[in-house]
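Trainee: Predicted structure and sequence below. I'll ask about it afterward.
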Amino acid sequence: MAYVRRIIALDAVCALLAGVIGHVFRFGPADDGVDVPATSNWFLVVLPVVWVVAMSVARTYEPRFLWVGPEEFRRVFFAAALLLAAVGTVSWAFKLEVARGYVVIAIPLAAALTLAQRWVQRDRVHRQRRAGRLGQTALLVGHRNGVAALRAQIARESQHGYQIVGCCLPGGSGGTFDGLPVLGGLDDVVAVVARHQVDTVAVLPSPELEGAALRRLGWDLEQTEAELLLAPATTDVAGPRVNIRPMFGLPLMHVERPEFSGARRIVKDLFDRTAALLIVAVLLPLLIGISLAVKTTSRGPVFFRHERVGRDGQAFHVLKFRSMVPGADTGIDALRELSEGNAVQFKMRSDPRVTRVGRVLRRYSLDELPQLFNVLTGSMSLVGPRPHVTAEVEQYGFDMRRRLLVKPGITGLWQVSGRSDLSWDDTVRLDVRYVENWSLTMDLMILAKTVGAVVRGSGAY
């Protein structure tokens, strides 16, 4: 596959570049007369090869880990950590003269460059797939409700590149369903795959395709080029929480409990507060400048404090730069019928209460920056579900109350997936997905995507 070959070559280039930078940083330019150990010179030469081997051992080149999800990046990071430990152990065991400062610079830098180039390659593929290129044809197999739900999910996640050619329904033969051609029944899957040259068959849970019938379908598809995907009955559960465990002679899907406490939560809290402190220090001139702009262009306080509902349903006051005229929250009822938001949240693209400076702040989400102080005080996280007001929380269904198990965040899946342009159902789905599947790797990915979402300003009003 061309994509895999390209990232292998770029991984080697990243390792070579990291080795050269580490070598220069540790020993200086080649003509400065510093005596460089021969082992360090050999390490520079073999690092690209060793790096690619380490990535292969960690299975970072397998297509199932590429293009989507945090697993690819998690494996790159894990492979780099193991390689760093292995080099240290081998050099100690065999008394090799490898400069520790050189290794400590080269391998982490190789990891950082590899992660960056893979992110660029992934983003390139996503943009091409959204434009209708590099796609794979897909056939949906199952009952009508499941097919309709999966079709809607695929349409929302266009970066996966699946182009649905049709569906196979129980007793189906001809016509359309939910805008899709009905190409046959559940017994016609293999014939449909051969006739339409389908790349992927997605089978949804159905009584007609269980046990022996599903096993025979898998055997029959081995004679084609199509891959078989089984959609589990449990949705919005992904990543490390799901494992296949052979028990009782059956491959059972084991779903780990979501983590709402424990060591990983402590690490997340430490990361949040440390990162927030660093961001405040770096952005302090900008924060002061925005404060002066808000204060000098309209009367009223610089900051807007508003009560929101946080973790475990506890109320707290979220901080924002004031972007509206004073008393704007009391005039919302007069504008309620003009809302352009979803069924629960009030939003207006041209809200008359927003000040001139406030429009700029909202366009680039700069009004949210004071929430860094909420993170420092522990009422919010950098990444999490957005905090809602009490009136919105009162309209939560059972699923949406899951979001109250974690701290709300400054950014999250909502922020990088369309913000105010999302329906309430989409907001619920994204929030629950984050709560169920959060990880530090996912947080880092969301923070990286937030930069692009803020620059584009999509859904911000």
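Mentor: Great, that's in hand.
Trainee: residues near the closest residue to residue 273 other than its chain neighbours, how many?
Mentor: Nearest in space to residue 273, with sequence neighbours left out and distances taken as CB to CB, 6 or more residues apart in numbering, is residue 376 at 5.8 Å. Every residue, glycine included, has its C-beta placed from N, CA and C. A count of nearby residues for residue 376, using other CB atoms under 10 Å, gives 15.
Trainee: so who does residue 376 touch?
Mentor: 273, 276, 277, 280 (CB atoms under 8 Å, 6 or more residues apart in numbering).
Trainee: With residue 382 instead?
Mentor: So, once contact is read as CB under 8 Å, 6+ apart, residue 382 ends up touching 271, 272, 275, 276, 375, 409, 410, 411, 443, 447.
Trainee: Shouldn't it be within a strand?
Mentor: Yes. Under DSSP: H, G, I helix; E, B strand; the rest coil, residue 382 sits within a strand.
Trainee: Report whether the residue nearest to residue 273 is found in a helix, as I expect.
Mentor: Yes. Under three-state DSSP, residue 376 sits within a helix.
Trainee: wait, which of the contacts of residue 376 is closest to residue 290?
Mentor: Minimum distance to residue 290 across those is 12.9 Å, recorded for residue 280 (CB to CB).
Trainee: if we can go back for a sec, and the residue nearest to residue 273, how far is that from residue 448?
Mentor: The spacing between residue 376 and residue 448, counted by CB to CB, to the nearest Å, is 22 Å.
Trainee: repeat for residue 412
Mentor: Distance, residue 412 to residue 448, using CB to CB: 13 Å.
Trainee: Show me which of these two is the more surrounded one.
Mentor: Neighbours per residue (other CB under 10 Å) separate residue 412 from residue 448, with residue 412 holding more: 26 against 15.
Trainee: Report the buried residues of the longest helix along the chain.
Mentor: Determined from DSSP state H, the single longest helix within the chain is helix 263-297. Across helix 263-297, burial judged by 16 or more other CB atoms under 10 Å covers 268, 271, 272, 273, 275, 276, 279, 280, 287, 290, 293, 294.
Trainee: quick one, phi psi at the closest residue to the last one other than its chain neighbours?
Mentor: In this case it means residue 294. Ranked by CB to CB, 6+ apart and with sequence neighbours excluded, the top spatial neighbour of residue 294 is residue 302, at 5.0 Å. Main-chain torsions, residue 302, degrees, to the nearest 10: phi -70, psi -40.
Trainee: got a list of what residue 302 touches?
Mentor: Contacts of residue 302 by CB under 8 Å, 6+ apart are 291, 294, 295, 321, 322.
Trainee: Residue 407 now?
Mentor: By CB under 8 Å, 6+ apart, the residues touching residue 407 are 310, 311, 378, 379, 380, 381, 384.
Trainee: Next, the nearest residue to the last one once chain neighbours are set aside: phi, psi?
Mentor: By that I understand residue 384. Leaving aside its sequence neighbours, residue 384 sits nearest to residue 409 (CB to CB, 6+ apart; 2.8 Å). The phi/psi pair for residue 409 (degrees, to the nearest 10) reads phi -130, psi 160.
Trainee: With the one 5 residues further on instead?
Mentor: For residue 414, the backbone dihedrals are phi -60, psi -40 (criterion: degrees, to the nearest 10).
Trainee: repeat for residue 257
Mentor: phi -70, psi 140.
Trainee: what's the answer for residue 416, then?
Mentor: Taking degrees, to the nearest 10 as the convention, residue 416 sits at phi -100, psi 10.
Trainee: before we move on, the earlier item: report the distance from the longest helix of the chain to the chain centre.
Mentor: Put simply, helix 263-297 sits 22 Å off its chain's centre (CA atoms, centre = their mean, to the nearest Å).
Trainee: how far does stretch 394-411 sit from the chain's center?
Mentor: Put simply, stretch 394-411 sits 19 Å off its chain's centre (CA atoms, centre = their mean).
Trainee: which residues in the stretch 351-461 of the chain form helices?
Mentor: Ranges of helices in the stretch 351-461 of the chain, per DSSP state H, counting those that start in this stretch, are 356-363, 371-377, 390-393, 424-437, 440-456.
Trainee: Contacts for the first one, please.
Mentor: Which is helix 356-363. For helix 356-363, contacts defined as CB under 8 Å, 6+ apart pick out 290, 293-294, 297-298, 321-324, 354, 366-367, 457, 460-461.
Trainee: which regions of the stretch 151-300 of the chain sit below the pLDDT cut-off?
Mentor: Scanning the stretch 151-300 of the chain with the threshold set as pLDDT under 70 gives 233-254.
Trainee: Outline the domain layout of the chain.
Mentor: What automatic domain parsing lists as the domains of the chain is 2-130, 136-231, 263-456.
Trainee: Same list (these) but as JSON lines, adding distance to residue 255.
Mentor: Listed next are those as JSON lines, based on distance: least, CB to CB, whole Å:
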{"stretch": "domain 2-130", "distance to residue 255": "17"}
{"stretch": "domain 136-231", "distance to residue 255": "15"}
{"stretch": "domain 263-456", "distance to residue 255": "10"}
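Trainee: Same list, the contacts of residue 382, but as TSV with distance to residue 109 please.
Mentor: As requested, the contacts of residue 382 are exported to TSV (distance: CB to CB, whole Å):
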residue	distance to residue 109
271	21
272	25
275	20
276	26
375	29
409	30
410	29
411	27
443	22
447	20
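Trainee: Tell me the one of those residues nearest residue 198?
Mentor: Of all the contacts of residue 382, residue 198 sits closest to residue 443, with 36.5 Å by CB to CB.
Trainee: how near is the closest one to residue 413?
Mentor: Counting by CB to CB - residue 443 and residue 413 are separated by 11 Å.
Trainee: Between those two, which has more neighbouring residues?
Mentor: Neighbours per residue, other CB under 10 Å: of residue 443 and residue 413, the larger number sits with residue 413, 26 against 23.
Trainee: How about that one, nearest residue that isn't a chain neighbour?
Mentor: residue 430 (4.1 Å).
Trainee: Hmm, the one you found is touching residue 414, no?
Mentor: Yes. If you go by CB atoms under 8 Å, residue 430 and residue 414 touch, sitting 5.3 Å apart.
Trainee: related to what we said a few turns ago, top of the contacts of helix 356-363 by number of neighbours, please.
Mentor: residue 367 leads the contacts of helix 356-363 on contacts (other CB under 10 Å) with 25 neighbours.
Trainee: No further queries at this time; thank you.
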